[in-house]
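Enquirer: One predicted model, sequence on top.
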Amino acid sequence: MSLHQGMDDISTYYTKLKSIWEELSGYKPTFQCTYGGLQQLQSFTESEYVMSFLMGLNDSFS
């Protein structure tokens, strides 16, 4: 899925993207980890969110 900033200001763009991330997280299975794997998964997911946010910004931010 790809969402771009378009004519939105950066705050509106982030809010839309965050709303989509929250909705999609409801479809992910929950995990029970006791060895730190869950923290690694959370870190990876957050990195993916940052990358999708940055990639959707207008060219004026590059």
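Expert: Ah, there it is. Owing to the predicted nature of the structure, the values given are computational and were not obtained by experimental measurement.

Enquirer: In this protein, what residue spans correspond to helices?
Expert: Per DSSP state H, the chain carries helices over the ranges 10-25, 37-56.

Enquirer: Geometric centre of this protein: which residue is closest?
Expert: Tyr49 (2.6 Å; Cα atoms, centre = their mean).

Enquirer: Could I get the pLDDT score of that residue?
Expert: What the model reports for Tyr49 is a pLDDT of 91.

Enquirer: Okay, now the unreliable bits of this structure?
Expert: Per-residue confidence of the chain (counting by pLDDT under 70) places the weak regions at 1-2, 62.

Enquirer: show me what contacts the residue nearest to the centre of the chain?
Expert: Contact analysis of Tyr49 by Cβ atoms under 8 Å, 6 or more residues apart in numbering lists Leu17, Trp21. Just so you know, the C-beta spots here come from the backbone N, C-alpha and C atoms, and that holds for glycine as well.

Enquirer: Roughly how far does it sit from Asp8?
Expert: 17 Å (Cβ to Cβ, to the nearest Å).

Enquirer: cool, Gln40 as well?
Expert: Taking Cβ to Cβ as the criterion, Gln40 is separated from Asp8 by 32 Å.

Enquirer: Which one's more surrounded, those two?
Expert: When neighbours are counted by other Cβ atoms under 10 Å, Gln40 and Asp8 differ, and Asp8 comes out ahead with 16 against 11.

Enquirer: Understood, closing this out.
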